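**Student:** sequence below, structure please.
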Amino acid sequence: MRKKTCLLVAVILMAATTHAQKETIDSLRNIVHNSPEPDALISACINLSAQLNLSSFDENIEFARKGIDAAIKKNDSVSLAKLYRNLGMAHYFKGKFDSAAFYYYKCVDIFSSKKQLNSLASVYNDLGKLYRKIGPYSRAQDFYDKALRLYTQLKDKNGIATIYNEAGVLYEYEGKFDDAIKSYKASLELCKELNDDVGIAYSLNFIAGVYVQQKKFAEAEEYNTQALNIREKLKDSFTIALTYTDFGGIYSAEKKYDKAEESYAKSNKVAIALGYADLLRNNYSELSNIASAKGDYKKALEYFQQSAAYKDSIYKTETSKQVEELSARYDTAEKEKQIQQQQFEITTRNYWIAGISGLLLLGSLLGYSYYNRFKLKQQARLQTEILKQQDLATKAVIEAEEKERKRIAGDLHDGVGQMMSAARMNLSAIQSNLAFTSEEQRNNFEKVVGLIDESCQEVRTVSHNMMPNALLKSGLASAVREFLDKIDQHIIKISMFTEGLNERIDSNVETVLYRVIQECVNNVIKHSKAGELDISLIKDADGISATIEDNGKGFDVTDTDKFNGIGLKNIKSRIDYLKGTVEWDSTPGNGTLVAIHVPVNK
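**Tutor:** Below you'll find the model as predicted:
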């Protein structure tokens, strides 16, 4: 009941917000389309994308991106972070959780550096919600704890009350019902202190939901009744309808089916007047379950068909299966009545036994069939979850590796490199003060200075290879070309061709492809004994294709030991992460061709 209620609240608030803010949205659209002033444009994009966040996810993304372009040109990092958050929320509601996390983490970096603590706490709460959906719950709890610490530091009681409710839902998911009630009651006390009647009613409602799961029906009724009294005083129609739905759930769990039907009927009366389709869908579904439990399969089918009429296209296949199941049950029940009538007329005991045996057999077959379907669904869910976790693990490893490369490159450039440069300057400064007794001493001193110069250059080269500036500033093609320009042409002659890479692509794709090409080139130099190397990078509508071809000694691609090395494994795992393909074409003495293709979303 708790999860269903939360879903209904989200849908209803979506509709209410859209209606109430239409005039404001129209005025903001006008500013975005007509204002030449960058500040006004950015502010309008922030507010417009936020208001569209619960009504039109695609429009949210459209206006957020317009604001991002303007904020980048103006170098307004705080506004940029706010727009990133709106983008993250849109992707979250669209079910694209990896993209949502990407934008949320961008917000965290900016808000942390700019000391925007209230905004940072809000993003921590967003990340807690995201991990509450995809797991692990421990990570969700970490973000809720961070948000709570910031809200406490800011003395933001509304924020604290929100986190208590969010954490309560997480405890429910984990089956920690006592902790959930404790968290909801903490939120309730804060709402009472703030005289927030709406918040008080929701906290009471949340507590009632936990008591239903614990089968403490008397306590659930008590708290739900308190919530109903407050909402009736507020004359809040849609939350009143929700409360009657919750009462229906309580009575249904207690098997007080008549009272449950009465509560759902009251909820439907309000929902029909307000036009809340999702609430009606839920109520008719529950009424169908009640009628089925009472053995009234005809009525169950009628209710289910009414529920199905409110479902959107996402549920069409599932709805069709359920309708067929209920129709079969209803038809079976009708046939059973006919058989019973015939049995009464014939009044033969053997026929009764045969009928009962047939029913038992039918029940066993249906049970066995249901078990098999359930088992297959569970296996499919498990496989999907395994693949998801593998993708997340690969992504985490690659991101951690890139972060560590960036850190080491920074340490080399800003730490070791600066110290070496300082040492070079100090030696140059004291050179004029030294009285060399012989030309040999002067030459030795100059050799030391030369070694330091070479070391500085080597540190700079290593740091740039680990995190090239061209990749950050100009993109993949420029970064690869800069990397190749540093290779001595006397060692190997390199030619490069690029096409279609005038515009930047996703930074993750650029970084991974750069590392793969870098690894392939290093393998050619180290192992192939090649004199020529040809590289091509082509971007078209299907994605990015890269080929690295040398005229070296080649190798046997059927030798599996060659692919057990760290280098080739890294190449394959990185391309797999991008959902791409990589193939090696080589034979001993005939060189090697590496062909890579990566799909790129526009």
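**Student:** can you list the buried residues in the helix or strand harbouring Thr511?
**Tutor:** Using DSSP states H and E, Thr511 sits in helix 507-523. Neighbour counts over helix 507-523 (16 or more other CB atoms under 10 Å) mark 509-521, 523 as buried. For glycine as for every other residue, the C-beta is placed from the backbone atoms N, C-alpha and C.
**Student:** repeat for stretch 590-602
**Tutor:** Buried-residue list, stretch 590-602, by 16+ other CB under 10 Å: 591-592, 594, 596-598, 600.
**Student:** flag the least confident of those.
**Tutor:** In terms of pLDDT, the weakest of the buried residues of stretch 590-602 is Val600, which scores 81.
**Student:** for that residue, grab phi and psi.
**Tutor:** Phi and psi for Val600, reported as degrees, to the nearest 10, are phi -130, psi 120.
**Student:** quick check: it touching Ala541?
**Tutor:** No: assessed by CB atoms under 8 Å, Val600 is found out of contact with Ala541, at 9.5 Å.
**Student:** Ala241 and Leu279 touch, don't they?
**Tutor:** Yes: here Ala241 lies in contact with Leu279, judged by CB under 8 Å, at a distance of 6.0 Å.
**Student:** which neighbours do those two share?
**Tutor:** 267, 271 (CB atoms under 8 Å, 6 or more residues apart in numbering).
**Student:** doesn't Ile544 lie inside a strand?
**Tutor:** Yes: assignment of Ile544 by DSSP: H, G, I helix; E, B strand; the rest coil places it within a strand.
**Student:** now do the strands in the stretch 351-500 of the chain.
**Tutor:** 493-499 (DSSP state E, counting those that start in this stretch).
**Student:** low pLDDT regions in it?
**Tutor:** 387, 390-407, 409-419, 421-425, 429, 432, 457-472 (pLDDT under 70).
**Student:** quick one: the helices in it?
**Tutor:** Per DSSP state H, counting those that start in this stretch, the stretch 351-500 of the chain carries helices over the ranges 417-431, 439-466, 469-473, 476-485.
**Student:** what's the pLDDT at the closest residue to Thr239 other than its chain neighbours?
**Tutor:** Nearest residue to Thr239 in three dimensions, chain neighbours excluded: Arg231, at 4.6 Å (CB to CB, 6 or more residues apart in numbering). On the pLDDT scale, Arg231 is placed at 90.
**Student:** how would you label Arg231: helix, strand or coil?
**Tutor:** Here Arg231 takes the helix state, with states given by three-state DSSP.
**Student:** and stretch 196-216, what's buried?
**Tutor:** 196, 199-212, 216.
**Student:** quick one: mean pLDDT for it?
**Tutor:** The model assigns stretch 196-216 a mean pLDDT of 89.
**Student:** same question for stretch 62-74.
**Tutor:** Rounded mean pLDDT across stretch 62-74 is 90.
**Student:** circling back to that earlier point, the residue nearest to Thr239: how many residues sit nearby?
**Tutor:** Using other CB atoms under 10 Å, Arg231 is surrounded by 23 other residues.
**Student:** that one reaches Ala201, doesn't it?
**Tutor:** Yes: counting by CB under 8 Å, Arg231 does reach Ala201; the two are 5.4 Å apart.
**Student:** what is in contact with those two at once?
**Tutor:** Each of Thr239 lies in contact with both Arg231 and Ala201 under the rule CB under 8 Å, 6+ apart.
**Student:** ok, the residue positioned nearest the centre of the chain - contacts?
**Tutor:** With distances taken as CA atoms, centre = their mean, the chain has Phe97 as the residue nearest its mean C-alpha position (1.2 Å). Going by CB under 8 Å, 6+ apart, Phe97 touches 91, 130, 133-134.
**Student:** over to Ile596?
**Tutor:** For Ile596, the contact set (CB under 8 Å, 6+ apart) comprises 513, 516, 544-548, 575, 580-582.
**Student:** one more: Phe206?
**Tutor:** Listed by CB under 8 Å, 6+ apart, the contact partners of Phe206 are 2, 165, 168-169, 180, 184, 187.
**Student:** of those residues, which belong to helices?
**Tutor:** 2, 165, 168-169, 180, 184, 187 (DSSP state H).
**Student:** measure stretch 68-84 end to end?
**Tutor:** End-to-end span of stretch 68-84 (CA to CA, to the nearest Å): 8 Å.
**Student:** what bridges to Val594?
**Tutor:** When assigned by DSSP bridges, Val594 has beta-bridge partners Ile548, Trp584.
**Student:** that one contacts Thr547, doesn't it?
**Tutor:** Yes: counting by CB under 8 Å, Thr547 is a contact partner of Val594 at 6.8 Å.
**Student:** any regions of the stretch 1-150 of the chain where pLDDT drops low?
**Tutor:** For the stretch 1-150 of the chain (pLDDT under 70), the answer is 1-23, 53-55.
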